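> Just to be clear, the model below is a prediction. Sequence and coordinates:
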Amino acid sequence: MKKKIDFFDKPENIKRMRRVFLSCLLVLVLMDLFIPKHPHFVWENYPGFSAAYGFIACALIIAVAKTLGFLLKKKEGYYD
Amino acid sequence: MTNGIPPAFIFILGALLVPFLRGRAKQAYLLLIPALAFVNLLSMPESTNWTLNFLGYEIIFDKVDKLSMAFGYIFTIVSFIANLYALRVKDDGQHIAALLYAGSALGVIFAGDMLSLFIFWEIMTISSLYLIWAKGTEASYTAGLRYLCVHLFGGLCLLTGIIIHVHQTGSLEFGVIGLNGLSSYLILIGFVLNAAVPPLHAWLADAYPEATITGAVFLSAFTTKTAVYVLIRAFPGAEILVWLGGMMAIYGVIYAVLENDIRRLLAYHIISQVGYMVAGVGIGSMMGINGAAAHAFSNILYKGLLFMVAGAVIHMTGKSKLTELGGLHKTMPLTFTLCLVAGLSISAFPFFNGFISKSMVVTAAAEEHLGAIWLMLMFASSGTFLSVGLKFTYFIFLGHDSGLRPKEPPLNMLIAMGLAGFLCIFIGVYPYALYKVLPHDIEYSMYTAEHVVLTLQILLFTGLAFFALLKRVKPKEGITLDIDWFYRKGGKALLWLANRVIGNDREEIIREN
């Protein structure tokens, strides 16, 4: 098999992508302070609410799925 | 004739000719039917011309209005794409079943009465069953049997409800029913079973992953979306649907996160997506109904694309488990790119179609001040990006290198996928194309700074959590138990019991003789 090094194999690319990603996060939260808002709910007024909610939702889903998996995950062929 | 033919007839009669054609002619024919049906739709006037008098009741085959047309357009478009994807399938049975399935789904969409609706509903069950059984494995056979039993149960509920309803009202017409008494609840059960609303959902995640590669693409489009359509028709604004929808949006993503089989992951995620539509129907406002229809439209495109990507991966590698895949971007860059397009669309990134349609449902919830539902739908949004946009894509195409070096799928499959991907982006960039076909006129721009920034915050911080917890989301081997445990184990227990009782009787009989 031919070993081909591509974009995702180079650690410096991964590092660069990480840096771009993190700066995007920062810019988004900063922009939140300046954009005009027309909220339907109180929580939409808090700057960074969506950011925090996204992070927490994701972490919570993983936690719940892990717990459920502990209870409900069975070997392949369980029903056979 | 300028009136147009009910599209169901084009597909169903068209299916009959398939066995008589060979080679290129057959391939062209398979593309011609949906193309013809689409062009024909354009000339369907908003009136009913194809009616039949049956025992004093009026049977209507072409109930044409903006709502049925929206579903008509997307069903014919996806039939074209899926037929293109399935062009090289040698088994005529699958082509016929797919055409019958698409045709009967269109039959339901344009049915103006409950009798033809029910008949098309049942043809859908049988023709879709063939697409599961055609895989020919033991697993697909047993999953198909369970699929059949569950849908026969749903069909019976529907039929009983219809009979009581007709008896009470004296009318066979299919329109707004509303929740009022036994017959409406029975009809609702029949409908939500096909929409895969928990606890009536397990058939979907059980059977779709066992279908043939191309069959699953058709399956992902028709059954659940037809159910969404009939819910819009019959039960707009039914409050119970708001909560069922919110609940299933979350249920689906949690199971999707747990899954290891790539098509089962997508199947669970259908449940989550349909949750948004069901919630939109339940909200019942113009925005809610538009949102439900728009989300069905978008979903058919990107969910179809995801099933095509999964199918391409299985077709080229023979593997369907995340734990056995990884690093495929090296040799399947086009498929990888299309997977990204579908992933970004389903996750509702700006400039992709999911952003347009999901926003409508979420906005509908906000406009009605349904805070809890809004939070539930946003929660599921995060889970969507997590399970499909990130987990599915990452562990197939990036992640640890499985050492597999499959080629790109055949050209017809690639073009079909490209077409779906193009439409996902086209609608995202030019939403007016979608607005134009929605049931209610809409003057609303999704692209405000507020909306774009807040959506991106949710999604990108979901991404942050994903990469921070990457070790914990790593797929694991095994299956996850769901509600179907009760009838799978229950059925076995019943069999065991029956065997024992009958077995004992037989022994006694033998002894007595």
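Thanks, I have it. Because the structure is a prediction, the values reported are computed rather than measured. Residues are numbered from 1 along each chain as shown, chains lettered A, B, ... in the order given.

> any low-confidence regions in chain B?
Scanning chain B for pLDDT under 70 picks out B:1-2, B:504-513.

> domain parsing for it?
B:1-235, B:236-482, B:485-513 (automatic domain parsing).

> The ones you listed: which one's closest to chain A?
Chain A sits nearest to domain B:236-482 of all the domains of chain B, at 3.7 Å, using Cβ to the nearest Cβ. C-beta here means a position set from N, CA and C on the backbone, and glycine is covered the same way.

> Quote the end-to-end distance of that closest one.
29 Å (Cα to Cα, to the nearest Å).

> could you show me where the strands are in the stretch 51-200 of chain B, in order?
B:51-54, B:57-60 (DSSP state E, counting those that start in this stretch).

> Next, format those strands as JSON lines and append mean neighbour count and distance to chain A.
Shown next, in JSON lines, are the strands of the stretch 51-200 of chain B (neighbours: other Cβ atoms under 10 Å in any protein chain shown; distance: least, Cβ to the nearest Cβ, whole Å):
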{"stretch": "strand B:51-54", "mean neighbour count": "12", "distance to chain A": "44"}
{"stretch": "strand B:57-60", "mean neighbour count": "18", "distance to chain A": "40"}
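
> Distance to residue B:215 added to those, as CSV?
Listed next are the strands of the stretch 51-200 of chain B as CSV, based on distance: least, Cβ to Cβ, whole Å:
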stretch, distance to residue B:215
strand B:51-54, 32
strand B:57-60, 30
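
> closest one to residue A:76 among those?
Comparing those against residue A:76 with Cβ to Cβ, the closest turns out to be strand B:57-60 (48.0 Å).

> tell me the most buried of the domains of chain B?
Using mean count of other Cβ atoms under 10 Å in any protein chain shown, the stretch among those with the largest mean neighbour count is domain B:236-482, at a mean of 22.

> Report the distance from it to the chain centre.
Its chain's C-alpha centre and that of domain B:236-482 lie 12 Å apart, by Cα atoms, centre = their mean, to the nearest Å.

> State the helix or strand in which the closest residue to residue B:409 other than its chain neighbours lies.
Leaving aside its sequence neighbours, residue B:409 sits nearest to residue B:312 (Cβ to Cβ, 6 or more residues apart in numbering or on different chains; 3.9 Å). Element membership for residue B:312 (DSSP states H and E) is helix B:286-317.

> helices or strands next to that helix in the packing?
In terms of contacts (3 or more Cβ pairs under 8 Å, 6 or more residues apart in numbering or on different chains; DSSP states H and E), helix B:286-317 is packed against helix B:66-85, helix B:213-234, helix B:262-283, helix B:333-346, helix B:353-367, helix B:411-429, helix B:432-435.

> how does it look with 7 Å?
Secondary-structure packing of helix B:286-317 (3 or more Cβ pairs under 7 Å, 6 or more residues apart in numbering or on different chains; DSSP states H and E): helix B:66-85, helix B:213-234, helix B:262-283, helix B:333-346, helix B:353-367, helix B:411-429.

> How about the longest helix anywhere in chain A and chain B, any contact?
Criterion DSSP state H: the longest helix present in chain A is helix A:49-72. Yes - Helix A:49-72 reaches chain B (Cβ under 7 Å from any Cβ of the partner chain) through A:50-51, A:53-55, A:57-59, A:61-62, A:64-66, A:68-69, A:72.

> Just checking, which helix or strand succeeds that helix along the chain?
Sequence-wise, the next helix or strand downstream of helix A:49-72 (DSSP H and E) is strand A:73-74.

> Tell me which strands that next one pairs with, and in which orientation.
Take DSSP bridges as the rule and strand A:73-74 pairs in its sheet with strand B:479-480 (antiparallel).

> Not counting its own residues, what contacts the strand it pairs with?
A:69, A:72, A:73, A:74, A:76, A:78, B:255, B:258, B:259 (Cβ atoms under 7 Å, 6 or more residues apart in numbering or on different chains).

> Redo those as a markdown table? Include distance to residue B:29.
Formatted as a markdown table, the contacts of strand B:479-480 follow (distance: Cβ to Cβ, whole Å):
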| residue | distance to residue B:29 |
| --- | --- |
| A:69 | 47 |
| A:72 | 46 |
| A:73 | 46 |
| A:74 | 45 |
| A:76 | 41 |
| A:78 | 44 |
| B:255 | 39 |
| B:258 | 42 |
| B:259 | 37 |
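
> Need the three-state assignment for residue B:440.
Judged by DSSP: H, G, I helix; E, B strand; the rest coil, the three-state class of residue B:440 is coil.

> From what I see, it and residue B:287 are in contact.
No - contact criterion Cβ atoms under 7 Å: residue B:440 and residue B:287 do not qualify, at 8.0 Å.

> Would you mind measuring the gap between the ends of stretch B:198-209?
In stretch B:198-209, first residue to last residue: 18 Å (Cα to Cα).

> Up against chain A, what does the stretch 301-450 of chain B have?
Proximity of the stretch 301-450 of chain B to chain A, by Cβ under 7 Å from any Cβ, involves residues B:329-330, B:366, B:369, B:371, B:374, B:378-379, B:382-383, B:386, B:398, B:405, B:449-450.

> and if we set it to 6 Å?
Within reach of chain A by Cβ under 6 Å from any Cβ of the partner chain, the stretch 301-450 of chain B has these residues: B:330, B:366, B:371, B:379, B:382, B:383, B:386, B:449, B:450.

> Secondary structure element holding the fifth one?
Assigned by DSSP H and E, residue B:382 falls within helix B:371-384.

> by contact count, what packs against that helix?
For helix B:371-384, the contact count by 3 or more Cβ pairs under 6 Å, 6 or more residues apart in numbering or on different chains; DSSP states H and E identifies helix A:49-72, helix B:239-258, helix B:353-367 as packing neighbours.

> what's the helix or strand for residue 30?
This is for chain A. Per DSSP H and E: helix A:11-32 holds residue A:30.

> Actually, chain B is the one I wanted.
Secondary structure from DSSP H and E places residue B:30 in helix B:23-42.

> Just want the angle from that helix to helix B:66-85.
170 degrees (axes from the mean of the first three to the mean of the last three Cα atoms, to 10 degrees).

> ok so, going back, list just the one of the helices and strands packed on helix B:371-384 that sits closest to residue B:307.
helix B:239-258 (13.7 Å).

> How about the closest one and chain A, any contact?
Yes - using Cβ under 6 Å from any Cβ, helix B:239-258 reaches chain A at B:254, B:257, B:258.

> Mind putting these into a markdown table with distance to residue B:393?
Shown next, in a markdown table, are the residues of helix B:239-258 next to chain A (distance: Cβ to Cβ, whole Å):
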| residue | distance to residue B:393 |
| --- | --- |
| B:254 | 19 |
| B:257 | 14 |
| B:258 | 17 |
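
> which one of those sits closest to residue B:279?
Nearest member of those to residue B:279, counting by Cβ to Cβ, is residue B:254, at 16.8 Å.

> Identify the residue nearest that closest one in space, chain neighbours excluded?
Among residues not flanking residue B:254 along the chain, residue A:65 sits closest, at 5.1 Å (Cβ to Cβ, 6+ apart).

> now swap in residue B:391 and tell me
Nearest in space to residue B:391, with sequence neighbours left out and distances taken as Cβ to Cβ, 6+ apart, is residue B:473 at 5.9 Å.

> Tell me the spacing between the one you found and residue B:258.
From residue B:473 across to residue B:258, the span is 10 Å (Cβ to Cβ, to the nearest Å).

> swap in residue B:168?
Distance from residue B:168 to residue B:258, counting by Cβ to Cβ: 44 Å.
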